[in-house]
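Visitor: kindly return the folded structure for what I paste below:
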Amino acid sequence: MVSKITKMSKREFHQLPDLPEDYKQIIFDSLIILPTKRLHDSGWRCMYLIPVVDGNPLGKLGGITDVIDILPDESPFGYRKAISIDCVPEAGLLRVFPWKGKFVMRRWSLSNMQITFHTNEADASQSGDEEMIIEQNNEVRRRAIRSGDGILIVLEFKSAATGRWETVEKKYINKEEFEAIKKLLEGR
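Guide: Have a look, this model is predicted:
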């Protein structure tokens, strides 16, 4: 039995058995990325992906992989990639980057960071602003996001297929219009 990941040394991770190449449709709780010293043809370091279930590593996948793409199971925008990870050649450090879009630091405390991912710079630039849900039920919600001198109103529907909120409309209004809408909704 392999020990729990919290008790394993880097050497023990390297000694894990290689998983067969046809090990593709596995479900795991978390993953560990183990950089190698080998350089890929791209010039970036190769990495192993170690799937983890209930705190136990299943083995190593890859080893000749220079990029790990983390994909949504279904993207409403049709993007094939969401988040990618590669390994800096000289230092051996991991770099996480969005394939399209930007990361935004939302909150940072002593022990916790919250980073959001946005598929375009316009969404990223307003993501650090205040947000509130104006109305929501099981199928529809409206959110208000403060953006500069205005407010972005976002209308979303919950997809029956995925259970995710999908944006169907965005509209910018000024603060006066927002206050008027807020008063109307408070009277309900």
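Visitor: give the next helix or strand downstream of the one helix or strand in the chain whose mean pLDDT sits lowest.
Guide: Lowest mean confidence among the helices and strands of the chain (mean pLDDT, DSSP states H and E): helix 121-126, at a mean of 47. The C-terminal neighbour of helix 121-126 among helices and strands, as given by DSSP states H and E, is strand 131-136.
Visitor: list the neighbouring strands of that following strand plus their orientation.
Guide: Strand pairing for strand 131-136, determined by DSSP bridges: strand 140-147 (antiparallel).
Visitor: would you mark the buried spots in the partner strand?
Guide: Across strand 140-147, burial judged by 16 or more other CB atoms under 10 Å covers Arg141, Arg142, Arg143, Ala144, Ile145, Arg146, Ser147. Every C-beta, even on glycine, is put in place using the N, C-alpha and C of the backbone.
Visitor: now swap in stretch 29-38 and tell me
Guide: Across stretch 29-38, burial judged by 16+ other CB under 10 Å covers Leu31, Ile33, Leu34, Pro35, Thr36.
Visitor: check which helix or strand covers the residue lying closest to the second one once chain neighbours are set aside.
Guide: This means Ile33. In this structure, Ile33 finds its nearest non-sequential neighbour in Met47, 5.4 Å apart by CB to CB, 6 or more residues apart in numbering. In this assignment (DSSP H and E), Met47 forms part of strand 45-53.
Visitor: elements contacting that strand?
Guide: Where contact means 3 or more CB pairs under 8 Å, 6 or more residues apart in numbering; DSSP states H and E, strand 45-53 is packed against strand 30-39, strand 61-65, strand 83-87.
Visitor: which other helices and strands contact the helix ranked longest in the chain?
Guide: The residue-count maximum for a helix in the chain (DSSP state H) belongs to helix 175-186. Counting contacts by 3+ CB pairs under 8 Å, 6+ apart, helix 175-186 packs against strand 131-136, strand 150-158.
Visitor: next one: that helix to chain centre, how far?
Guide: Relative to its chain's centre, helix 175-186 lies at 33 Å (CA atoms, centre = their mean, to the nearest Å).
Visitor: now swap in stretch 84-104 and tell me
Guide: On the basis of CA atoms, centre = their mean, stretch 84-104 sits 13 Å off its chain's mean C-alpha point.
Visitor: how is this protein divided into domains?
Guide: 5-98, 129-188 (automatic domain parsing).
Visitor: and those domains as TSV, adding distance to Thr116 and mean pLDDT?
Guide: As requested, the domains of the chain are arranged in TSV below (distance: least, CB to CB, whole Å; pLDDT from 0 to 100):
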stretch	distance to Thr116	mean pLDDT
domain 5-98	10	82
domain 129-188	11	77
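Visitor: one step back: the residue nearest to Ile33: neighbour count?
Guide: The tally of other residues near Met47 (other CB atoms under 10 Å) stands at 26.
Visitor: please apply the same query to Glu156.
Guide: Counted by other CB under 10 Å, the residues lying close to Glu156 total 19.
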